[in-house]
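Enquirer: Got a sequence here, can you build the structure:
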Amino acid sequence: MGPKLVRDHIRDLFRTPADQRFYAVRNVSFNVARGERVALVGRNGAGKSTLLSLIAGLATPDSGAIRVNGRIAALMELGAGFHYDLTGTENVLLNASLLGLSRKRARELYPAIVEFSGIGEFIHEPLRTYSSGMVMRLAFSVASHVEADILIVDEVIAVGDQQFHEKCIEKLREQHREGRTLLFVSHSPGVVLEFCDRAIWLDHGEVMADGPASQVLSVYSGHSAGV
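Expert: Residues are numbered from 1 along each chain as shown. I've put the predicted structure just below:
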């Protein structure tokens, strides 16, 4: 194992949608070491996004416990946490503040955030004038520049053009070189194999396999082919 666990003792988590009786996440327990790159894989509705929401603190489990050492930046839903009547500039500074940066540090990072997003002069316009791809680019740029210890990414980077997708992947590699931890949802086996050390396969809210990415993907692919 690596140094002190970043998101450790995720133990016996249960999460039940308020208006339904089935469990969205059930009996989930695992540890994540500092600097690990972990992919969550599984079919749609398997509980991946719910699990990330629980880890990010955006939802609370009905039972179980989650412990964390470090600051989290979560990119969960397109434009989540953004205010569409505010300009791009205002949203960058507000979100950086909400993610724990001082106003001074947020302003220092602002030029790099805007440059990475590639939205140009639209940064001065309200977000309601943006396309979905522009919102995603700005959201990813903020989340990946705020110097968090843990970056949580649902598969929003699938939105947008190939060039920006490649920029996102390279930025995530940079985060890894800096020792940051990544929790990542992807339906792309190629991205998982190239990018993640470890994978966790979820099905019906439960962990079916947890281990080296290549092994977990092999088991998951074999199961999916047989369904």
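Enquirer: and the nearest residue to His204 once chain neighbours are set aside, how many neighbours does it have?
Expert: With CB to CB, 6 or more residues apart in numbering as the criterion, His204 has its nearest non-adjacent residue at 6.7 Å, and that residue is Ala46. Heads up, the C-betas are built off the backbone N, CA and C, glycines and all. Using other CB atoms under 10 Å, Ala46 is surrounded by 21 other residues.
Enquirer: Now for Ala46: which residues touch it?
Expert: By CB atoms under 8 Å, 6 or more residues apart in numbering, Ala46 lies in contact with Leu202, Asp203, His204, Gly205.
Enquirer: just Leu98 next, same as before
Expert: Gly81.
Enquirer: I'd like the domain boundaries of this structure, if you could list them.
Expert: The chain breaks down into these domains under the TED database: 19-70+149-226, 78-147.
Enquirer: Columns mean pLDDT on top of these, output as CSV?
Expert: Shown next, in CSV, are the domains of the chain (pLDDT from 0 to 100):
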stretch, mean pLDDT
domain 19-70+149-226, 86
domain 78-147, 92
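Enquirer: Mind checking what secondary structure the residue nearest to His204 has?
Expert: Three-state assignment for Ala46 (DSSP: H, G, I helix; E, B strand; the rest coil): coil.
Enquirer: Ramachandran angles for it?
Expert: phi -80, psi -20 (degrees, to the nearest 10).
Enquirer: What segments of the chain are helices?
Expert: Per DSSP state H, the chain carries helices over the ranges 48-56, 88-98, 103-117, 132-145, 162-177, 189-195, 213-226.
Enquirer: Which among those helices is found nearest to Leu75?
Expert: helix 132-145 (4.4 Å; CB to CB).
Enquirer: could I have the closest one exported to CSV, CA atoms only?
Expert: Taking C-alpha atoms only, helix 132-145 is exported to CSV below (Å, rounded to 0.1, in the frame of the first residue of the first chain):
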residue,chain,number,x,y,z
SER,A,132,-22.9,22.1,-23.4
GLY,A,133,-19.3,21.4,-24.6
MET,A,134,-18.2,24.9,-23.5
VAL,A,135,-19.7,24.4,-20.0
MET,A,136,-17.9,21.0,-19.7
ARG,A,137,-14.6,22.5,-20.8
LEU,A,138,-14.8,25.2,-18.2
ALA,A,139,-16.0,22.9,-15.4
PHE,A,140,-13.1,20.4,-16.1
SER,A,141,-10.6,23.2,-16.3
VAL,A,142,-11.6,24.6,-12.9
ALA,A,143,-11.7,21.2,-11.2
SER,A,144,-8.3,20.2,-12.6
HIS,A,145,-6.6,23.4,-11.6
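Enquirer: Many thanks, I have nothing further to ask.
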